[in-house]
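Participant: Fold the following for me, if possible:
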Amino acid sequence: MRFTRSVLAASALAALSVGTTTALAAPASAAPNTTPQKVCGSSYKTVNSANVGSLGTVYLTYNAANGQNCVATIRNNPGTALAMSAWVYVPDTETGDSDEGRYTSYAGPTYVYGKGHCVDWGGSINNVYVQVYGSNCGTLKEHRVTFTR
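Facilitator: This is a model prediction of the structure:
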């Protein structure tokens, strides 16, 4: 009986040590654990996206229940805070929203009512900018611009 308790205690201690070491050891470039739905809300569905060079992606999402669009810019590799932005604009109603600052993972959310309207949207990471004009308008073709400053 004494031997069994010692073996169980040693096994438990070893498992705890391995678990602690595994929990504390993080990969050098952890994959982002953020999604557009985590940023905008679970009822928002991704309807469009644009790569921000190799740094990340800008997502346009839409909530059919309330007619709101949401935009979020999400980095591929979170880390040191970088200049980032996310914006959305409805030309027909001249309303929009934007978020900019230095962020470690994502910029946004930005919201605007867009049911039945074309939307302009975009974002940036560091010095790479993406702008999409006339998006999600049915048969009209959108215009995308990517540039570096």
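Participant: so where do the helices sit in the chain?
Facilitator: Ranges of helices in the chain, per DSSP state H, are 2-24, 36-40.
Participant: what is the rounded mean pLDDT of the longest one?
Facilitator: For helix 2-24, mean pLDDT is 39.
Participant: Dig out what the residue nearest to residue 58 when sequence neighbours are not counted forms beta bridges with.
Facilitator: Counting by Cβ to Cβ, 6 or more residues apart in numbering, residue 123 is the residue found nearest to residue 58 once chain neighbours are left out, at 3.8 Å. Quick note: C-beta positions are derived from backbone N, CA and C, even for glycine. According to DSSP bridges, the residues that bridge with residue 123 are residue 86, residue 130.
Participant: surely residue 141 meets residue 133?
Facilitator: No. Assessed by Cβ atoms under 8 Å, residue 141 is found out of contact with residue 133, at 10.3 Å.
Participant: quick one: which of those two has more around it?
Facilitator: In terms of neighbours (other Cβ atoms under 10 Å), residue 133 is the more surrounded of residue 141 and residue 133; the figures are 16 against 8.
Participant: what sits against that one?
Facilitator: If a contact means Cβ atoms under 8 Å, 6 or more residues apart in numbering, then residue 133 has 120, 142-145 as its contacts.
Participant: Tell me the pLDDT of it.
Facilitator: The predicted structure scores residue 133 at 95 on the pLDDT scale.
Participant: what about it, distance to residue 110?
Facilitator: Here the distance between residue 133 and residue 110 works out to 16 Å (Cβ to Cβ, to the nearest Å).
Participant: What of residue 80?
Facilitator: From residue 80 over to residue 110 (counting by Cβ to Cβ), the distance is 23 Å.
Participant: which of these two has more neighbours?
Facilitator: Just comparing residue 80 and residue 110: by other Cβ under 10 Å the higher neighbour count belongs to residue 110, 24 against 6.
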